[in-house]
Every structure is written in C-alpha cells, then in structure tokens.
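# how would this look folded up:
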Amino acid sequence: MLKTMYKRRIYLSYIFTFALLTSITTFLIVDWPITTEEWFEYLLFYFITLAIAIMIPISHVKYNKVKNLEVPKADKHLIHLDHLVIQSNVSYIKELLLFTKKGQYVGKAKVSKISWFMWPFTVLFKNDLLTFIPWTYTIYDHLDQKCMAIKRTGWGIKSTLTIKDEKGSHIGTYVQDDLRMFNIRGNLLDEDGQLVLPIKADLTGSFRFENQFGDVVAEYYQGRFPHEYTTLFRDMENHIVYFRRDLSKREQKRLYGVLIFLFLQLKT
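Predicted structure coming up:
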C-alpha cells in the first residue's frame with residue numbers, strides 16, 4: 001500500500017514536470033519574452049516546475065526506504081480500534097488510507113460515486129470539489145470488505161452526510177454549516193434524528209469532540225506522527241485520531257463517517 005502510494009507520487013511528478021516544461025517551451029517558441037518583467041514571469045513557472053521535479057528524487061528515496069518493509073497484518077478489525085492513523089493517498093479523487101499506530105493497515109476510504117456531470121470539473125478542481133458537490137464514499141477494511149458508506153448532499157451552503165452500515169441501513173446523519181469561514185460546526189444525529197454529538201473543529205482541523213456529559217469521544221491535534229511508535233511512517237505526514245474505548249459498533253461507525261468527511265475536507 002505504501003509502495004503504491006510513493007509510486008503514484010513519482011509518476012505524477014514525472015507527468016506534471018513534463019507537461020509544464022512542454023507548455024513553457026511552447027510559449028517561449030510562440031512568444032519569446034522581451035522585457036525583464038516577461039522573463040520574470042517565465043522564471044516563476046520554471047521555479048514551480050523545478051519544485052515539482054524535486055519531488056521525483058525525494059519520492060524515489062522514500063520509496064526505496066519502504067519498498068522492502070512488510071506492512072503488518074491487522075490483529076483487530078477497523079471497527080474495534082481506539083485510534084486511527086489517517087494518511088491521504090495520491091489518487092485522482094482523494095483517497096484516505098487507515099492504519100494503526102503500529103503500522104498495521106486496517107482499511108481505506110475511496111470514492112464510489114460522483115454525479116456523471118461533475119466529472120469534467122474534477123480535472124480542474126480535483127479534491128476541492130468534495131467540499132461542494134454530492135458524492136458517496138465507501139469505507140473498506142483491511143480485507144477489502146465493505147464496512148460502511150457515507151453520502152454527501154448539498155451545494156455549498158449546508159452539507160448533509162448520510163451514514164449507512166455495510167448492509168445499507170441508515171445509522172446516522174451529520175449536518176454541517178458550510179458558510180462558516182473560520183471554523184467547522186455541525187451536529188451528528190442518530191438514525192431517529194436525535195442529537196448524538198455536536199461537532200466543532202478549527203481551520204487547522206484540530207478538534208476535541210465532547211458529548212453532553214463532557215466525556216471526550218474523539219480528539220485530534222494537527223501535527224506529525226510520533227515516530228517512536230514505528231519506522232513505517234517516519235518520513236510521512238500522518239495524523240492520529242483517538243476515540244473512547246467503550247463506543248458501540250454503531251457509534252463507532254457514525255464517528256468514522258464524520259472523521260472521514262472532515263479529513264476529506266482538510267488539506268492532508
């Protein structure tokens with residue numbers, strides 16, 4: 001899984017570097033810069049191209065470090081964990097990989113449905129569209145078995161997230177106000193529409209979810225993964241979310257639905 005992620009980064013870096021160099025060279029042939037200002041504009045694009053090109057050897061180095069590593073098998077199912085390490089994977093539409101802090105791969109979240117008329121816009125806006133358009137994501141366990149699904153509806157004013165279990169039964173809803181500029185505010189409801197958990201997060205993505213009794217249900221603070229747990233994540237930006245240990249399966253799935261939704265919005 002990690003090897004595939006770095007391979008994708010290498011391939012994409014090659015593609016973007018080639019595309020930018022081709023575009024810049026074509027513009028130089030068609031419209032040779034004359035003034036100093038025009039030369040600075042072209043140099044800016046060359047610096048951007050160089051920055052992307054630098055990712056190639058960096059990704060190669062990281063790939064060589066992990067290519068022989070064995071990703072340990074999960075000894076617990078995704079739904080029975082008290083924490084998750086969330087890593088954003090390189091893909092056409094954003095995908096999240098899920099691990100334990102020991103490096104065990106426990107699952108992934110990937111898009112399963114986007115309206116056909118929105119696909120042309122994904123070429124230009126990519127993951128930013130996930131904040132505005134309807135979509136469905138499916139969460140799979142380490143055996144690639146479906147665990148649950150989340151479906152977003154709404155068009156930039158309010159997001160409504162329908163959370164379903166592996167059988168397609170409705171188990172909860174998350175409603176978020178998308179007009180807030182400086183923070184995230186929403187409410188997690190159960191299948192009967194009763195409030196389960198108020199959701200609050202700041203722009204960094206940091207959060208601490210507390211129920212009506214003041215108990216911490218989940219918490220996350222923006223930052224690098226603590227390297228002392230494993231060498232598997234040493235050179236990557238990873239994020240750990242901790243949850244209460246006594247959550248039921250249904251409560252855990254509702255919480256996963258909200259977490260996946262939040263991390264799809266974050267620039268991780």
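# Check which helix or strand residue 253 maps to.
Taking DSSP states H and E as the criterion, residue 253 maps to helix 249-265.
# Quick one: residues contacting residue 174.
Contacts for residue 174 (CB atoms under 8 Å, 6 or more residues apart in numbering) come out as 159-161, 163, 186-189, 199, 254, 257-258, 261. Placement of C-beta: from N, CA and C, glycine included.
# As JSON lines, these with neighbour count and distance to residue 173 would be great.
Formatted as JSON lines, those follow (neighbours: other CB atoms under 10 Å; distance: CB to CB, whole Å):
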{"residue": "159", "neighbour count": "20", "distance to residue 173": "11"}
{"residue": "160", "neighbour count": "15", "distance to residue 173": "7"}
{"residue": "161", "neighbour count": "22", "distance to residue 173": "7"}
{"residue": "163", "neighbour count": "28", "distance to residue 173": "7"}
{"residue": "186", "neighbour count": "23", "distance to residue 173": "10"}
{"residue": "187", "neighbour count": "15", "distance to residue 173": "9"}
{"residue": "188", "neighbour count": "24", "distance to residue 173": "8"}
{"residue": "189", "neighbour count": "18", "distance to residue 173": "5"}
{"residue": "199", "neighbour count": "21", "distance to residue 173": "12"}
{"residue": "254", "neighbour count": "27", "distance to residue 173": "9"}
{"residue": "257", "neighbour count": "26", "distance to residue 173": "9"}
{"residue": "258", "neighbour count": "25", "distance to residue 173": "10"}
{"residue": "261", "neighbour count": "22", "distance to residue 173": "11"}
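# Max pairwise distance over those: which two?
Using CB to CB, the two most remote members of the contacts of residue 174 are 159 and 254, lying 15.4 Å apart.
# picking up where we left off before, how about the helix holding residue 253: buried residues?
Applying a neighbour-count criterion of 16 or more other CB atoms under 10 Å, the buried positions in helix 249-265 are 250-265.
# residues near residue 182, how many?
Applying other CB atoms under 10 Å, we find 6 residues neighbouring residue 182.
# any idea how the protein splits into domains?
Using automatic domain parsing, the domain ranges for the chain come out as 2-66, 78-265.
# With that, I have no additional questions.
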